[in-house]
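Participant: Please find the sequence and the predicted model below.
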Amino acid sequence: MKRKAGLPPGTLIPPEGTRNGIAPLITIIDYDANKYQEKTVTSLEECLPFKATDTVTWINIDGLSDIPLLERIGRSYDIHPLILESILNTDQRPKIEDLSTYIYVNIKMLQYLETAHKVKIEQVSLIVGRNYIISFQEDVGDVFDPVRERIRKDGKIRKYGTDYLAYALIDAVVDNYFTVMESLGEQVELLEEALVSNPSREMLMNVHTLKKDMIYLRKSVWPLREVISGLERSDNDLIRDATRIYLRDVYDHTIQVIDTIETFRDMVSGMLDIYLSGMSMRLNEVMKVLTLIATIFIPLTFIVGIYGMNFKYMPELDHPYGYYGVWVVIIAVTVTMLLYFRKKQWI
Amino acid sequence: MKRKAGLPPGTLIPPEGTRNGIAPLITIIDYDANKYQEKTVTSLEECLPFKATDTVTWINIDGLSDIPLLERIGRSYDIHPLILESILNTDQRPKIEDLSTYIYVNIKMLQYLETAHKVKIEQVSLIVGRNYIISFQEDVGDVFDPVRERIRKDGKIRKYGTDYLAYALIDAVVDNYFTVMESLGEQVELLEEALVSNPSREMLMNVHTLKKDMIYLRKSVWPLREVISGLERSDNDLIRDATRIYLRDVYDHTIQVIDTIETFRDMVSGMLDIYLSGMSMRLNEVMKVLTLIATIFIPLTFIVGIYGMNFKYMPELDHPYGYYGVWVVIIAVTVTMLLYFRKKQWI
Amino acid sequence: MKRKAGLPPGTLIPPEGTRNGIAPLITIIDYDANKYQEKTVTSLEECLPFKATDTVTWINIDGLSDIPLLERIGRSYDIHPLILESILNTDQRPKIEDLSTYIYVNIKMLQYLETAHKVKIEQVSLIVGRNYIISFQEDVGDVFDPVRERIRKDGKIRKYGTDYLAYALIDAVVDNYFTVMESLGEQVELLEEALVSNPSREMLMNVHTLKKDMIYLRKSVWPLREVISGLERSDNDLIRDATRIYLRDVYDHTIQVIDTIETFRDMVSGMLDIYLSGMSMRLNEVMKVLTLIATIFIPLTFIVGIYGMNFKYMPELDHPYGYYGVWVVIIAVTVTMLLYFRKKQWI
Amino acid sequence: MKRKAGLPPGTLIPPEGTRNGIAPLITIIDYDANKYQEKTVTSLEECLPFKATDTVTWINIDGLSDIPLLERIGRSYDIHPLILESILNTDQRPKIEDLSTYIYVNIKMLQYLETAHKVKIEQVSLIVGRNYIISFQEDVGDVFDPVRERIRKDGKIRKYGTDYLAYALIDAVVDNYFTVMESLGEQVELLEEALVSNPSREMLMNVHTLKKDMIYLRKSVWPLREVISGLERSDNDLIRDATRIYLRDVYDHTIQVIDTIETFRDMVSGMLDIYLSGMSMRLNEVMKVLTLIATIFIPLTFIVGIYGMNFKYMPELDHPYGYYGVWVVIIAVTVTMLLYFRKKQWI
Amino acid sequence: MKRKAGLPPGTLIPPEGTRNGIAPLITIIDYDANKYQEKTVTSLEECLPFKATDTVTWINIDGLSDIPLLERIGRSYDIHPLILESILNTDQRPKIEDLSTYIYVNIKMLQYLETAHKVKIEQVSLIVGRNYIISFQEDVGDVFDPVRERIRKDGKIRKYGTDYLAYALIDAVVDNYFTVMESLGEQVELLEEALVSNPSREMLMNVHTLKKDMIYLRKSVWPLREVISGLERSDNDLIRDATRIYLRDVYDHTIQVIDTIETFRDMVSGMLDIYLSGMSMRLNEVMKVLTLIATIFIPLTFIVGIYGMNFKYMPELDHPYGYYGVWVVIIAVTVTMLLYFRKKQWI
């Protein structure tokens, strides 16, 4: 948001990193209990006729680079400029804004990139009106295909209004969280096993990266709780009573995801403890060996050093069994020390 | 829940790991203050006649693999599809859902597996209606036998309605928590003693496992608080006033279990501190021995090294008492150092 | 509570560890502003006549082993079975239960055992009715003597009802906490001094024990807050308005005790830090000495080793001042190293 | 605030470090939808005529040293003495005070000083009245230029009242936070990379400084949450309903900044862990080398020491292959130990 | 409070450590907008005439040893016995008690003893009635002189009632906190610098003492928040609306003090980290030197040991360049090792 600083509220600037010049992909799905229509359009004007009908119209827009399009949508559907700005501000927390004629909902869609071992976060904005939903995504590709399939196949969804469609979209996003959590859980367990069997500095970095991932995930998922419960308790009549139990259900799922993230965080913290105590254990073991060696051989080296002295008058040197006597002393000292160590439970 | 992602809400899929093809075990207990009947049935149809009677009917279903059965139950008792889905989602947190004609309660039944030193968690779902309770369990085998016994023996329970039966079932589950807590408590104490007397890396792993167990237990028990207090404060007239004091009692027990878990967590954290400080203590002791040895013998070895030199002109070598003089020096140095160490409180 | 699991609610089982066969000690104190009577009775029947009078009757029962007695009390005074069960469940948290005709209060009486350096926790249950209080204790011996004395001496207490007596009993228990806190505080300070002057592994165990004591104390005292504030805010007319300021006062004392426990916990945690850093400091000091010795003598030993070699052609050996030259080298090396160490601030 | 202690409330003393004798810079911007006027004035009297008009008047005062000016403002605009004192107390937390005829808001303007790697914190006080805003800053130079530009260019802002101007000013301050956060984020990442690649004591100090910076930032930003939400929920009719959505928007931004600070704090804490474990890793590696050297050469030195003894009768010395035999022993011992170390995974 | 245990509520016992036999110092200040009177009295009876007047009477009592005086005050001003007891219980937390005809406020006055580097905590109790305030202090000497001065000089304070005087006294106490905080802040910074430049065990003890001081300060200041906000929100008409803004102001100051204490706590915690990592850094450095010495000289000593053996048949010994050859080997080994160390970045 750095570039925005100082501009008036409602100034529309595509999010950082958006590829310019690529036209957003606009698809329309229009349905009611009896009929169904789906098409890809190139201009907003093709969407407008649906405004007058009673059918549910779902306009999905992939890509946020086309500011004039967004402005035209704002004018056509009477969207508050701050909401348009919010759609483009992809760094923000999930939130809900009830503007009485429509409800703005903003959630995060997660995707686990297997190869990079990273979680990609994409913002999805929903404008939920009386007979339309406009959804905005950063890129092509989403988790909504099952919802589309259910509409096409004349599922129960066709009998309900936009509030149920909004629920279905949010539910698809939250359901996908479980998939992401499962991948993360596997990674957590792999790392844990590796840390126990063979700790290394590189693994420590992985733990650290995982910890940061958890922080970001938490930031994305935690506010969702309030968003969904805000939607469920909304007194806006866009949300019908029959839909509330579904929202409560997706709310419970969100809590479950949050619980899972917290569990992972606890586990990752525990890992660091294992790692550090493993390190200290290893140091201990190394020190013990060093002590044994030093404790046994340093005195012995002193003993043989004595008889390496060149004094003229050293009675032991001339004794015929002197050499063997030294060996006796050496063996006696060694055995004594080994017994002492065993008593101390060092060996 | 991974496999479910994208399916419409209310899609029924047996929980992961469920053995297919095994028909669930259905048992019916039907009673009022005067009469009592108990039987094992093979189809839902045998249960339906009880719907019309005023007696309390408890239908218990062990096993969640038979989706068509569940769907028939849903239709017969008018259960919301999301509730049916919840029954199958065994990963979720305990929750309560009040649907006015019935209340859905979902709790966790714990079992301490002595041999594996692990706590097994099984989900129990209760549908509490006007004159029936349907309970769903993942496997055969539960903690409800005492309740059954009390019904058979014409206990006080026969005089009350389904709300009291629901309380009795929840109470049986929570009472069982104390048994599990006791087993865990014993393990915590055993581990603590072992850590103090003889810390090892393997024990550290046990501490870590125990810590993870605590995290999972906490996740299972903590939300129970809200579930039971939700039941107690429910304004649904399925819950009679006379039952509320019993619910408050089981609520107090839940708090007691949560307190115990928190105490165990504190203890296990304290253990890690003991372990680490024990390690550091040991390292210290080892270092002290090493230092003593090195500090005493390294200078002595230097001294005898001097007189091992082969210089032609070394007056001491020719001195008749040179050798004895060296011994005097050696003893003097040793005694001085020992006194210094004693002053430093190292020996 | 393990043995209880599965029994119907209200099943009365004496707490674990209760000595059977020992009849409980029952004492009655009956008073109003004008008259006063005190006696020890052997059966409940001697208490019953006081039920009909308007005087305040305090029945104190020491010992929980006599289940039939308890059941008779339950019947005579119309006590809910769950309350009777609570009286026997000595593991539970302090709680308050308002049953309109009487209030059940359950608190913990502490006793510091000087010899064992341990805090003994005993449960006290109070049944506060219109014109009677029944108190249950686990053992003979309590902190209520001052209250008895005040009743005997016609203190202000004689002018008030059972609510004031209940307050006086709770106040006596909480006042006693301060005595216990003082003993604990002394122990904390003794331990702290000992840790600073001469840390040892045994002390670490004492810190650990103290920490566990704090955890148990906290569990006993913390819920008292809610109990007393529940009593103070109770809308049951058993609690007169004039008594509320006294309850607020004892509430403040409870907060003060909780504060003290928290302070002790903080201190004990701080102690562990002192201990560990003391250990690491000591290790450091030991390492420094080792390094100095090794750093000085290992090179010197090498030097004298050189001239211990038996080569035929070693010019230095034949030099008349060779030996003295080696001493010069030895002294030069030693001085250089000592200067280097001083520069590094190691000595 | 030390100097103030003991003075009556409302005593006006310039904040510590204020340069005296420098007259504050007063600028006025006066506008409504139709006209616009901007000027720099030298006395308060030039501002007063605007009080009577309906236009929005923004009086900005840079510098807090001129106490008499402040007192005149207090009298002219009927400002409570405590508010005037608050304006001068630059150490206080952001706060809002609603005095019905005007609202006092106090926020912190941040500035990242690139060269010093520090964040400068400056207090901005706003007096928001019916048709005027008076803003007080500690120094010349602020983040309000874009707001001024929007007024000059006849932006939407000209159509709204003082509440919108207040919003615009707060929004400018909060927008600037993102710039500061970005600079801090870069520094956090640089430090993290440096710590991983090459940890040093100096970096530890940087981590510590960063940590302290975070503490101060948190103190400045955290209360802003309450300030803005207090403004948004104010029932003072100075705040029009149309402005509330804007305030909610800036509230969301504040939450986003707080989230970012918390994330940075977590990261900085994680850094310390990395640093310490890196240290311990290094110590470990060093110890391993020391152990290897000592373990291999100390026994060998003992062996050669044996044959350096000068006993008359040592059979090995006279043996023709004695010397070579010793070499065989030396090599055998070395190889054995190396194999042992490899087995232990030390090399 | 140990000695009190068991006594009836309202039993008055001077706080521990009070010097008996020293009569408390009683001073009266009586004023309204027009007149002003100040005198030191020796008996309560001289105070009583002021009860009947409409002027504000501030009776200040230094010293808590005179129990009969306190009892007379209790009777004359109709003070509840528990309040009198509270005045003497100097260990308790700050609290507020509203008894409708008067408000009892209890706060802590801090004093930084420069020489002992300690904070002295003294309890101040205020009885705020309609036309009088009675303040109780433990010792002579307080922070109220500026308030007295303002009364004497006919300040604004003379125009207000007892509520404003109570505010002025509390404000004086809180203002003084800032002075104490500043002294503490200086000490924190001094200690931090010292820890960085030259850590020692003694400093560790200072950090520990500082930490304990913070714990006590926190206990004294934290509850003040509730006290002042309780006063501000009181519906007792002793507190006039005009005074509330002043109370809000002192409330803000209290928050600021609490913030400062929390910041100091964070800093002191951070110090311990610095200290410990400094220790570990030092140990590391020492270990490195030891390793270098040992790694270089131990092998060399072995080499020269070889040629100190006395075997008859050692070809190298007879070789004319044998001795020089050994030197070549020694230098080669040394250089190789130094290069290896440099590669490892140990030197």
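Facilitator: Perfect, I can see it now.
Participant: Identify the residue nearest the residue sitting furthest away from the middle of chain A in space, chain neighbours excluded?
Facilitator: Going by CA atoms, centre = their mean, the residue of chain A most distant from its centre is residue A:313, 80.3 Å out. Nearest residue to residue A:313, sequence neighbours excluded (CB to CB, 6 or more residues apart in numbering or on different chains): residue B:320, at 5.2 Å. Just so you know, the C-beta spots here come from the backbone N, C-alpha and C atoms, and that holds for glycine as well.
Participant: picking that back up, for the residue farthest from the centre of chain A, what are its contacts?
Facilitator: Applying CB atoms under 8 Å, 6 or more residues apart in numbering or on different chains to residue A:313 gives the contacts B:320, B:321, B:322, B:323.
Participant: burial count for the closest residue to chain C within the stretch 151-300 of chain A?
Facilitator: Closest residue of the stretch 151-300 of chain A to chain C, CB to the nearest CB: residue A:294 (10.1 Å). Residues near residue A:294, counting by other CB atoms under 10 Å in any protein chain shown, number 21.
Participant: is the helix or strand containing it anywhere near chain D?
Facilitator: Element membership of residue A:294 [criterion: DSSP states H and E] is helix A:241-306. Yes - residues of helix A:241-306 are located near chain D by CB under 8 Å from any CB of the partner chain, namely A:272, A:275-276, A:279-280, A:282-283, A:286-287, A:289-290, A:293-294, A:297-298, A:300-301, A:304-305.
Participant: Next, the angle from that helix to helix D:241-306.
Facilitator: If you take axes from the mean of the first three to the mean of the last three CA atoms, to 10 degrees, helix A:241-306 sits at 20 degrees to helix D:241-306.
Participant: Helix A:241-306: how far from the chain's middle?
Facilitator: Offset of helix A:241-306 from its chain centre (CA atoms, centre = their mean, to the nearest Å): 21 Å.
Participant: how about residue A:208, what does it touch?
Facilitator: So residue A:208 contacts D:270, D:273, D:274 (CB under 8 Å, 6+ apart).
Participant: wait, isn't the second one in contact with residue A:272?
Facilitator: Pointing back at residue D:273 there. Yes - using CB atoms under 8 Å, residue D:273 is in contact with residue A:272, at 6.2 Å.
Participant: Can you give me the neighbour number for residue A:178?
Facilitator: 19.
Participant: pretty sure it belongs to a helix, no?
Facilitator: Yes - Residue A:178 sits within a helix when classified using DSSP: H, G, I helix; E, B strand; the rest coil.
Participant: what helix or strand is residue A:186 on?
Facilitator: Using DSSP H and E, residue A:186 sits in helix A:162-197.
Participant: In that helix, which residues are buried?
Facilitator: Within helix A:162-197, the residues that count as buried by 16 or more other CB atoms under 10 Å in any protein chain shown are A:162-181, A:183-184, A:187-188, A:191-192, A:195-196.
Participant: Output the residue of the stretch 201-347 of chain A whose distance to chain E is smallest.
Facilitator: Residue of the stretch 201-347 of chain A nearest chain E, by CB to the nearest CB: residue A:308 (6.6 Å).
Participant: Shouldn't that residue be within a helix?
Facilitator: No - assigned with three-state DSSP, residue A:308 falls outside any helix and is coil.
Participant: and the stretch 1-150 of chain A, which of its residues are near chain B?
Facilitator: A:143, A:145, A:146, A:147, A:150.
Participant: Pull the most distant pair out of those.
Facilitator: Across the residues of the stretch 1-150 of chain A next to chain B, the longest distance by CB to CB is 13.2 Å; it joins A:143 and A:150.
Participant: returning to that earlier point: tell me the mean pLDDT for the helix or strand just after the helix holding residue A:294?
Facilitator: Helices and strands here follow DSSP H and E; after helix A:241-306, the next one along the chain is helix A:315-318. If you average the pLDDT over helix A:315-318, you get 83.
Participant: ditto for stretch A:66-77
Facilitator: Stretch A:66-77 comes out at a mean pLDDT of 91.
Participant: Can you pull out the residues in contact with that stretch?
Facilitator: A:12-14, A:23-24, A:44, A:48, A:51, A:61, A:64, A:79, A:81, A:83-84, A:87-88, A:102, A:127, A:129, A:132, A:134.
Participant: Now the residue in the stretch 51-200 of chain A positioned nearest to chain B: which helix or strand?
Facilitator: Across the stretch 51-200 of chain A, the shortest distance to chain B (CB to the nearest CB) belongs to residue A:146, at 3.2 Å. With elements taken from DSSP H and E, the one containing residue A:146 is helix A:145-152.
Participant: how about that helix: buried residues?
Facilitator: If you call a residue buried by 16+ other CB under 10 Å, then helix A:145-152 has these buried ones: A:146, A:147, A:148, A:150, A:151.
Participant: wait, the first one sits on residue B:9?
Facilitator: No - with contact defined as CB under 8 Å, residue A:146 and residue B:9 do not form a contacting pair (10.9 Å).
Participant: In contact with residue A:44, which residues?
Facilitator: Contacts for residue A:44 were tallied using CB under 8 Å, 6+ apart; they are A:26, A:69, A:72, A:73, A:76.
Participant: Quick check, pLDDT for residue A:30.
Facilitator: pLDDT for residue A:30: 93.
Participant: quick one: secondary structure of it?
Facilitator: Once three-state DSSP is applied, residue A:30 turns out strand.
Participant: Kindly confirm whether my reading is correct that it touches residue A:58.
Facilitator: Yes - the pair residue A:30 and residue A:58 passes the contact test of CB under 8 Å, sitting 7.5 Å apart.
Participant: quick one, which of the two is more surrounded?
Facilitator: Each of residue A:30 and residue A:58 has its neighbours counted (other CB under 10 Å); residue A:58 has more, 25 against 21.
Participant: tell me which element the more buried one is part of?
Facilitator: Judged by DSSP H and E, residue A:58 forms part of strand A:56-62.
Participant: helices and strands around that strand, which ones?
Facilitator: The helices and strands touching strand A:56-62, judged by 3 or more CB pairs under 8 Å, 6 or more residues apart in numbering or on different chains; DSSP states H and E, are strand A:25-31, strand A:132-137, helix A:162-197.
Participant: now what about the second one, what contacts it?
Facilitator: Strand A:132-137 has contacts (CB under 8 Å, 6+ apart) with A:50-51, A:56-64, A:73, A:77, A:87, A:109, A:122-127, A:144, A:162, A:165-166, A:169.
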